[in-house]
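Trainee: Here is a sequence with its predicted model. Questions after.
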Amino acid sequence: MGLSLVHSRALLGLQARPVCVEVHLANGLPGFTLVGLADTEVKEARERVRSAIANAGLEFPSSRRITVNLAPADLPKDSGRFDLPIALGILAASGQVDAAALTGWEFAGELSLGGELRPVRGALAMALAATDAGARLVLPPGSAEEAALVPDARVWQALHLRDVVHRFAPAAATDPPVHEDGADPAGWSRQLTRPLGSPPPGPDLADVRGQAAARRALEVAAAGGHSLLMVGPPGSGKSMLARRLAGLLPPLDTQDALETAAVASLAGRFQPAQWGVRPTCSPHHSASSVALVGGGSPPRPGEISLAHHGVLFLDELPEFGRQALEALREPLETGQIRISRAARQCEFPARFQLVAAMNPCPCGFLGHPSRPCRCTPEQVARYQGRLSGPLLDRIDLQVEVPALDGEELLQGPPGEGTAVVRERVLLARGRALARQGLPNQQLEGHLLDDHMAAEPAALTFLQGVARRLGWSARSLHRCLRVARTVADLRGADSMAVADVAEAVQYRRVLHAGG
């Protein structure tokens, strides 16, 4: 009888929990039993592992009773990531792999029927957890490159099951196992950590003609991390402006880049070329609330988490389902989303910057200088009423993007480019971080009181505006945060009346009209 232990990890949200794959070979009626709260794709590993071992030229102990336990038993396991550790456990229990040599290593990878290793989701989360535990990690091609992005990670890539078996073969059967500083088999290679580079340039803000007010609002949003809603007729440039916001934002540091890449890896959407690039997610307005905020079984991250430390662009905002829009209220405040199901709970980061665009009415031409609006006041009110007051209350900047005439569009001078505006954004962000350690949008409670540094006249003016417009406490505080950003953009230590007045202009309230 043989017993072997191989270590791997299971994903629960962004956490990579340790899993011990226990394999026991015993005499008795031949069979292959897999236990430990395994999902369907994990149970199917029995056939993949059997074929992969046989086609790799190794011996599958078909005459023995094989029991595989994935411990802990109460932790859900899904996907084909356990194919490789199960195969190694069987080979170690049957003496074809040195079981003692597997100590200190963790394995994950899906096996083809021929024994080739295929990539798995969540490689970055596994690498972060393995690095904290001081373990070395073996992954397939594609996953190994992702895992190597983690600083100080010790990651090896294996192309085929034979490569792993050769690396951990018993010393009595082959040459002594190679060490980290020795020559490795052809299909076995160490992956080196890749430093964070400069992101490629995106679309330039100079392509947008006119729209001075909307461009200024975009600059303020980038400098303070504020959410932005643009209202205007079709073709006025709302989408062009939204797609250029990510280029104005500061570069990601290594920790933020790892968080962003880990969420994308968990969803199977990570591309090495996007390493260090702020994501911009723009789901279609037919997206469900689960697609937007996450969910499913097992829970997967939604678009708001995939836009973590990036931009979430929602075009045609009123066309989204009411339930999907209302689900944005909590993550806009907290920067995270908790998915609660009867069996488990998962928490995903969602510190995104919301940029939304909408038409002012169903036909889109309310207030257009040359095209008449065909909508009745009731239709306009019903259309704008799809956005609830609590949701609008959480959007810091609300600006109009009017239609441009042909002369301004074709002959008007180009505006400032992304590089010029980005310099001002970086200086303003730097002031905020040096003063309080976080962007202005995240100021709340005593931090807002301590760092707003408002002149008495500015506070008196804001109190009068809030009283006349009937603002909530949330609207008042959000206006203060925007005013603090406006002051940072002009390099001032204190907020003046002009800063508050500009911030008040961005608290546009949607209204019906004909």
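Mentor: Yep, that arrived.
Trainee: what about the stretch 101-250 of the chain, any weak spots by pLDDT?
Mentor: Flagging of the stretch 101-250 of the chain using pLDDT under 70 yields the residue ranges 171-185, 197.
Trainee: Going along the chain, name the helices of it.
Mentor: Listed from the start of the chain, the stretch 101-250 of the chain has helices (DSSP state H, counting those that start in this stretch) covering 123-133, 143-147, 161-167, 212-224, 238-243.
Trainee: Would you mind saying which of these lies nearest L205?
Mentor: Go through the helices of the stretch 101-250 of the chain one by one with CB to CB and the one that ends up closest to L205 is helix 212-224, at 7.0 Å. From N, CA and C alone the C-beta is placed, and that goes for glycine too.
Trainee: if I pick K43, what's in contact with it?
Mentor: The contact partners of K43, by CB atoms under 8 Å, 6 or more residues apart in numbering, come to L34.
Trainee: Could you single out the most deeply buried of the helices of the stretch 101-250 of the chain?
Mentor: Each of the helices of the stretch 101-250 of the chain was given a mean neighbour count from mean count of other CB atoms under 10 Å, and the largest, a mean of 26, is that of helix 143-147.
Trainee: for it, packing partners?
Mentor: helix 123-133, strand 155-158, strand 188-191 (3 or more CB pairs under 8 Å, 6 or more residues apart in numbering; DSSP states H and E).
Trainee: Looking at these, which is nearest to V311?
Mentor: V311 lies closest to helix 123-133 among these, at 20.9 Å (CB to CB).
Trainee: Pull the residues that contact that closest one.
Mentor: Taking CB under 8 Å, 6+ apart as the criterion, the residues outside helix 123-133 that touch it are 9, 11, 14-18, 106, 108, 136-137, 139, 143-144, 146-155, 258, 261-262, 265-266, 270.
Trainee: Which helix in this protein has the most residues?
Mentor: helix 418-436 (DSSP state H).
Trainee: Flag every buried residue along that one.
Mentor: Of the residues in helix 418-436, those with enough neighbours to count as buried (16 or more other CB atoms under 10 Å) are 418, 421-422, 424-426, 428-429, 431-432, 436.
Trainee: I'd like the distance between G491 and R48.
Mentor: Noted for G491: a distance of 62 Å to R48, by CB to CB, to the nearest Å.
Trainee: quick one: which of these two has more around it?
Mentor: Neighbour tally, G491 and R48, criterion other CB atoms under 10 Å: the higher count belongs to R48, 20 against 10.
Trainee: Surely that one is in a strand?
Mentor: No - in this structure, R48 is helix, not part of a strand, as judged by DSSP: H, G, I helix; E, B strand; the rest coil.
Trainee: so who does it touch?
Mentor: By CB under 8 Å, 6+ apart, the contact list for R48 reads 80, 83, 110-113.
Trainee: Restrict those residues to the buried ones and give me that as a ChimeraX selection.
Mentor: The buried residues among the contacts of R48 can be selected in ChimeraX (16+ other CB under 10 Å) with this line:
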select :80,83,110,111,112
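Trainee: Reformat the helices and strands packed on helix 143-147 as CSV; add distance to V68.
Mentor: Output for the helices and strands packed on helix 143-147, formatted as CSV (distance: least, CB to CB, whole Å):
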stretch, distance to V68
helix 123-133, 20
strand 155-158, 20
strand 188-191, 25
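Trainee: between those, which gets nearest to G36?
Mentor: Nearest to G36 among the helices and strands packed on helix 143-147 is helix 123-133; the distance by CB to CB comes to 18.0 Å.
Trainee: what bridges to M495?
Mentor: Listed by DSSP bridges, the beta-bridge partners for M495 are A454.
Trainee: That one: neighbour count?
Mentor: Other residues near M495 come to 24 when the count uses other CB under 10 Å.
Trainee: May I ask you to confirm that it is in contact with A487?
Mentor: Yes - distance between M495 and A487: 4.7 Å, which falls inside the contact criterion (CB atoms under 8 Å).
Trainee: Any idea how far stretch 288-303 is from the middle of the chain?
Mentor: Between the mean C-alpha point of stretch 288-303 and the mean C-alpha point of its chain there is a distance of 12 Å (CA atoms, centre = their mean, to the nearest Å).
Trainee: Sorry, wrong one. I was asking about stretch 478-496.
Mentor: Using CA atoms, centre = their mean, the offset of stretch 478-496 from its chain centre is 29 Å.
Trainee: Over to stretch 248-267?
Mentor: Going by CA atoms, centre = their mean, the spacing between the C-alpha centre of stretch 248-267 and its chain's C-alpha centre is 7 Å.
Trainee: in that stretch, what counts as buried?
Mentor: By neighbour count with 16+ other CB under 10 Å, stretch 248-267 contains the buried residues 248-250, 252, 256-267.
Trainee: Which pair in those has the greatest spatial separation?
Mentor: The most distant members of these, if one measures by CB to CB, are L248 and L266, lying 27.4 Å apart.
Trainee: In the stretch 201-350 of the chain, what residue spans correspond to strands?
Mentor: Under the criterion DSSP state E, counting those that start in this stretch, strands of the stretch 201-350 of the chain are mapped to 228-231, 280-281, 294-295, 300-301, 311-314, 336-340, 345-349.
Trainee: Which strands and helices lie in contact with the third one?
Mentor: Other helices and strands packing on strand 294-295, by 3+ CB pairs under 8 Å, 6+ apart, are strand 336-340.
Trainee: Next, the angle strand 345-349 makes with the strand it packs on.
Mentor: 160 degrees (axes from the mean of the first three to the mean of the last three CA atoms, to 10 degrees).
Trainee: which of the residues in strand 336-340 are buried?
Mentor: Those would be 337-339, for strand 336-340 by 16+ other CB under 10 Å.
Trainee: hang on, the earlier thing: please spell out the PyMOL selection for the buried subset of the contacts of helix 123-133.
Mentor: Selecting just the buried residues from the contacts of helix 123-133 in PyMOL takes one command, with 16+ other CB under 10 Å as the test:
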select buried, resi 9+11+14+16+17+18+106+108+136+137+139+143+144+146+147+148+149+150+153+154+155+258+261+262+265+266+270
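Trainee: returning to that earlier point: of all the helices and strands packed on helix 143-147, which one is nearest L317?
Mentor: With distances scored as CB to CB, the stretch of the helices and strands packed on helix 143-147 nearest to L317 is helix 123-133 (31.8 Å).
Trainee: starting at the chain centroid, how far to the closest one?
Mentor: Its chain's average C-alpha position is 17 Å from that of helix 123-133, according to CA atoms, centre = their mean.
Trainee: need the contact list for the residue most central in space within the chain.
Mentor: When the chain is reduced to its mean C-alpha position, the closest residue under CA atoms, centre = their mean turns out to be L306, at 2.9 Å. With contacts defined as CB under 8 Å, 6+ apart, L306 is in contact with 263-264, 267, 269, 279, 281.
Trainee: need those residues in JSON lines with pLDDT, can you?
Mentor: Rendered in JSON lines, the data for these read as follows (pLDDT from 0 to 100):
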{"residue": "V263", "pLDDT": "93"}
{"residue": "A264", "pLDDT": "93"}
{"residue": "A267", "pLDDT": "89"}
{"residue": "R269", "pLDDT": "89"}
{"residue": "P279", "pLDDT": "93"}
{"residue": "C281", "pLDDT": "95"}
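Trainee: Start and end of stretch 72-79, how far apart?
Mentor: Between the opening and closing residues of stretch 72-79 we find a distance of 17 Å, counting by CA to CA, to the nearest Å.
Trainee: Quick check: buried residues in that stretch?
Mentor: Going by neighbour count (16+ other CB under 10 Å), the buried part of stretch 72-79 is 76-79.
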